[in-house]
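*Asks:* I need the structure of the sequence given here:
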Amino acid sequence: MIVQVRAFAWMREIFGAERTLEVPEGAALSTLLQVLGEESGAAHRALFDGGGALNGHVVLMLNRKRVNHADVPALTLAAGDEVALFPPVAGG
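*Replies:* Numbering: from 1, shown residues only. The predicted model follows:
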């Protein structure tokens, strides 16, 4: 099935601004993140810490709704879903 991946700010340089990826039917969001992380060392470091856990600073959205990191393993994707990757947002 096809899902849309969008990346913002400096993550665009690593993942591209917008792209489609094919993943198995019913794939978990965590599977998609693993696929993205395997693309390069920079991609892996952007998404995961040294122990392989999702970096706490990564902001994820699924279909324009923010995803809690604790929920990532249980979330399954459907055809046409949009996953957005954001770096931490700060400032004032």
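
*Asks:* Now do the strands in the protein.
*Replies:* When secondary structure is read from DSSP state E, the chain shows strands at 2-7, 18-22, 59-62, 65-67, 82-86.

*Asks:* what's stretch 14-24 in contact with?
*Replies:* Here stretch 14-24 makes contact (CB atoms under 8 Å, 6 or more residues apart in numbering) with 1-7, 31-32, 35-36, 39-40, 42-43, 46, 77, 85. C-beta coordinates here come from the backbone N, C-alpha and C atoms, glycine included.

*Asks:* Buried subset of these, written for PyMOL?
*Replies:* In PyMOL, selecting the buried portion of these, with burial taken from 16 or more other CB atoms under 10 Å, looks like this:
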select buried, resi 3+5+6+7+32+36+43+46+77+85
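
*Asks:* For whichever helix in the chain runs longest, list the C-alpha coordinates in PDB.
*Replies:* Selection of the longest helix in the chain by residue count, based on DSSP state H, yields helix 29-37. In PDB, the C-alpha atoms belonging to helix 29-37 read as follows (Å, rounded to 0.1, in the frame of the first residue of the first chain):
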ATOM      1  CA  LEU A  29       3.900   3.200  11.900                       C
ATOM      2  CA  SER A  30       7.100   1.900  13.600                       C
ATOM      3  CA  THR A  31       7.800  -0.200  10.500                       C
ATOM      4  CA  LEU A  32       7.600   2.800   8.300                       C
ATOM      5  CA  LEU A  33      10.000   4.700  10.700                       C
ATOM      6  CA  GLN A  34      12.400   1.700  10.500                       C
ATOM      7  CA  VAL A  35      12.300   1.800   6.700                       C
ATOM      8  CA  LEU A  36      13.100   5.500   6.700                       C
ATOM      9  CA  GLY A  37      15.800   5.100   9.300                       C
END
